[in-house]
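# my questions are about this predicted structure, shown below with the sequence.
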Amino acid sequence: MNNFKWWQTGIIYQIYPRSFQDSNNDGIGDIPGIIKRLDYLKEIGIKTIWLSPFYPSPMHDFGYDVSDYRDVHPIFGTMQDFDRLLKKIHEHDMKLIIDLIPNHTSSEHKWFKESRKSSNNPYRDYYIWKDPKSNGKEPNNWLSYFGGAAWEFDKKTEQYYLHQFLKEQPDLNYQNPKVLTEMLKIMDFWLAKGVDGFRVDVICNMWKHPKFPNHPINAKWNGKVPIGKYVLKYTVNQPGTHKIVKAMRKVVDKYSDRVLIGETYLPYEELLEYYGNNDECHMPFNFHLLELKWKASSIKKKVNDYEKILPEGCWPSYALGNHDNKRIASKVGTEKQARIAAMLLLTLRGTPTVYYGDEIAMKNVKIPKNMIQDPPALKQPEIADIVGRDPERTPMQWDKTANAGFSDNGVKTWLPLAKNFKTNNVKSLEANKKSILALFKALAKLRSKNCCLNSGEYKYVPTLQKDIFAFIRFVDDEKLLIILNFGSKKINLDLSKKISGQAKILLSSDMIQKGNVNMSKITILPNLGLVIKIS
Ligand code: GLC
């Protein structure tokens, strides 16, 4: 275990700062609020916090539109608050990873304000400006992820600028070397402060094809989300991206023991490229499990495919939820399956990233139409249910008091609370020794105590049962067998020909099952997961 790094063995916890803990009763979470909750995070076994953007921003995309990369938005606090957070996290023997948003700035960023002033402004080439087509239309058919064209016409200079997200999020131009230099200096600024690494936003889209060709039509488009109409052949994963990532890694490597993580929604072959030759990301995210239907057969196939394809020295990283995707507890449907999800994430080989609230099985919250805030949902009301991300961003449920302990009584929280917060909250789950939170803590503890779980090998165990995913984690003489029943039927397994030794249940997802196991007849109750020690 000693040879493994903190970012390999420890659990990462994503905090969406608007929704974690409000300390000044404006209905929006903030940094002092996070500081208040560090003991909780330590207690549940978190090693690393990934903090979503807290920078000054007009908040068109809730902070993913940065207007100043070297400061803190007053909604979240001050730079002193940030420094205090970092210090406290380190005092808790934890680490802090921050979000870096290099693909685009806010249109309120001073670079863009300059850039749009005139075509010979020194900042003009910080962004991507193109002439209209002869008919006045957009330079090509590229679409924005959030609806509409990816080009905005600017009357002043009669050119279009590129924005892959909102028009308030103009894309930076990495063909201009000055842009990369600026971004690397920003990284330096935060690394020198002592942050432990970055999660790099939209890492695969930073480099665009220099000729800006039209995207080809996607024959497999299901007709729902407009951007799916095209194959994003010339914006996603362009070869030029890797030069940028390598430069970023160099900055990170100037400091000891820091980490670079990438947001990589890519097929495996392309995802692997983001490890580089150990000179790009330490860990590109593997989001495949999050994108799949919740079925043992698909999940085990994806894990096995990744295990097979991943070269030695490349460390896996899994997530089952984040601020852009449906909550895992809603996806899997039942609390029992949410427990299986927790057991899966915390026992696979690779670094798990947990989205805030998933440890208490928070669910997507239905947002009344008049309270919708997320730009893709506002811009495309007809598909708000598909593209809206507010439902997974609601305030953390701490206790049963009004506003769930997130804000004080009487405050209007920026997004509504889940209806079930009176029962589904940290405090009441803490009081129940068999709750999903208790399970989470037990899993985190097992993971930190057992090298085989946090850094051991992975071996798939075939069972011929479509609802069962079974695998072994092992190192030296330590061996754990994990069996997850994704189905609603009781299953008996005979693994005596495959696994020998004494077997004893260390942990079950219902926190009830205990005792020795007979390898020739292992009974796995419906919707149950087991961690079994083999000795
Ligand atoms: C990333 C973020 C998402 C944001 C987008 C634009 O995908 O995770 O929340 O809207 O980038 O910055």
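Received it, and whenever you're ready, just let me know what you need.
# skip the chain neighbours and tell me the closest residue to the residue of the stretch 351-500 of the chain found nearest the ligand.
Nearest to the ligand, among the residues of the stretch 351-500 of the chain, is residue 389, at 6.9 Å (CB to the nearest ligand atom). C-beta here means a position set from N, CA and C on the backbone, and glycine is covered the same way. What sits nearest to residue 389 in space, not counting adjacent residues and going by CB to CB, 6 or more residues apart in numbering, is residue 374, at 4.7 Å.
# ok, the one you found touching residue 385?
No: if you go by CB atoms under 8 Å, residue 374 and residue 385 don't touch, sitting 11.6 Å apart.
# in terms of packing, which of these two has more residues around it?
Between residue 374 and residue 385, residue 374 has the larger neighbour count (other CB atoms under 10 Å), namely 22 against 11.
# and the pLDDT for the more buried one?
pLDDT, residue 374: 97.
# picking that back up, mind checking how far the residue nearest to residue 389 is from residue 22?
19 Å (CB to CB, to the nearest Å).
# go on, residue 76?
The separation that residue 76 has from residue 22, given CB to CB, amounts to 11 Å.
# what sits in contact with each of those two?
29-30 (CB atoms under 8 Å, 6 or more residues apart in numbering).
# mind listing the residues bridging to the residue lying closest to residue 501 once chain neighbours are set aside?
Nearest residue to residue 501, sequence neighbours excluded (CB to CB, 6+ apart): residue 534, at 4.6 Å. Note on residue 534: beta-bridge partners by DSSP bridges are residue 503.
# what is the neighbour count of residue 534?
Residues lying near residue 534 (other CB under 10 Å) number 19.
# report the contact partners of it.
Residue 534 touches 472, 479-481, 499, 501-503, counting by CB under 8 Å, 6+ apart.
# most surrounded residue in the residues you listed?
Neighbour counts for these (other CB under 10 Å) peak at residue 481, which has 26 neighbours.
# which residue is the nearest non-sequential neighbour of that residue?
Of all residues not flanking residue 481 in the chain, residue 532 sits nearest, at 4.3 Å (CB to CB, 6+ apart).
# in terms of helices and strands, where is that neighbour?
Using DSSP states H and E, residue 532 falls within strand 529-534.
# same check, this time on residue 442
helix 436-449.
# for the closest residue to the ligand within the stretch 301-450 of the chain, which non-adjacent residue is closest in space?
Closest to the ligand within the stretch 301-450 of the chain is residue 324: 4.8 Å, counting by CB to the nearest ligand atom. Counting by CB to CB, 6+ apart, residue 324 lies nearest to residue 389, which is 5.7 Å off, once chain neighbours are set aside.
# residue 311 now?
Residue 311's closest residue in space is residue 272 (CB to CB, 6+ apart), at 7.2 Å.
# ok, that neighbour to residue 309 distance?
Shown here: residue 272 relative to residue 309, a distance of 7 Å by CB to CB.
# settle it for me: which of these two has more neighbours?
The neighbour count for residue 272 versus residue 309, taken as other CB under 10 Å, is higher for residue 272 (18 against 12).
# near the ligand, which residues of the stretch 101-250 of the chain are found?
Within the stretch 101-250 of the chain, the positions near the ligand by CB under 6 Å from any ligand atom are 101, 165, 201-202.
# ok, and the most crowded of these?
That'd be residue 101 among those, by other CB under 10 Å, with 27 neighbours.
# that residue reaches residue 53, doesn't it?
Yes: at 6.3 Å, residue 101 and residue 53 qualify as touching, with contact defined as CB under 8 Å.
# intersection of neighbour lists for the two?
In contact with both residue 101 and residue 53: 64, 66, using CB under 8 Å, 6+ apart.
# next, count neighbours for residue 461.
Neighbours around residue 461, by other CB under 10 Å: 17.
# now residue 224: which helix or strand?
Following DSSP H and E, one finds residue 224 outside all helices and strands.
# now do the contacts for it.
By CB under 8 Å, 6+ apart, the contact list for residue 224 reads 383, 386.
# let me know the pLDDT of it.
As predicted, residue 224 sits at a pLDDT of 94.
# from the ligand, how far out is it?
For residue 224, the distance to the ligand (CB to the nearest ligand atom, to the nearest Å) stands at 19 Å.
# list the contacts for the residue in the chain positioned nearest to the ligand?
Nearest residue of the chain to the ligand: residue 64, at 3.3 Å (CB to the nearest ligand atom). Applying CB under 8 Å, 6+ apart, one finds that residue 64 lies in contact with 53, 57, 99, 101, 165, 169, 201.
# quick one: contacts of stretch 422-438?
For stretch 422-438, contacts defined as CB under 8 Å, 6+ apart pick out 40, 44, 335, 338-339, 342, 359-362, 396-400, 404-405, 418, 510-512.
# apply 6 Å and report the result again.
Identification of contacts with stretch 422-438 by CB atoms under 6 Å, 6 or more residues apart in numbering yields 339, 359-361, 397-400, 404, 511.
# can you tell me, leaving aside adjacent residues, what's nearest to residue 131?
residue 159 (5.8 Å).
# what are the buried residues along stretch 172-188?
Buried positions in stretch 172-188, judged by neighbour count with 16 or more other CB atoms under 10 Å: 172-174, 176, 179-180, 182-184, 186-187.
# same thing with stretch 20-36?
Neighbour counts over stretch 20-36 (16+ other CB under 10 Å) mark 20-23, 27-35 as buried.
# quick check: the closest residue to residue 465 other than its chain neighbours vs residue 520, distance?
Using CB to CB, 6+ apart and skipping the chain neighbours, the partner closest in space to residue 465 is residue 491 (5.6 Å). Applying CB to CB, the value for residue 491 to residue 520 is 14 Å.
# which one of these two is surrounded by more residues?
A count of neighbours by other CB under 10 Å puts residue 491 above the other of residue 491 and residue 520, at 18 against 11.
# who's the more buried one bridged to?
Going by DSSP bridges, residue 491 is paired in beta bridges with residue 524.
# centroid-nearest residue for this protein?
residue 322 (4.3 Å; CA atoms, centre = their mean).
# any chance of the backbone angles for that one?
Note on residue 322: its backbone torsions stand at phi -170, psi -170 [degrees, to the nearest 10].
# residues touching it, list them.
Applying CB under 6 Å, 6+ apart, the residues near residue 322 are residue 355.
# same check, this time on the one 4 residues further on
Applying CB under 6 Å, 6+ apart, we find residue 326 in contact with residue 364.
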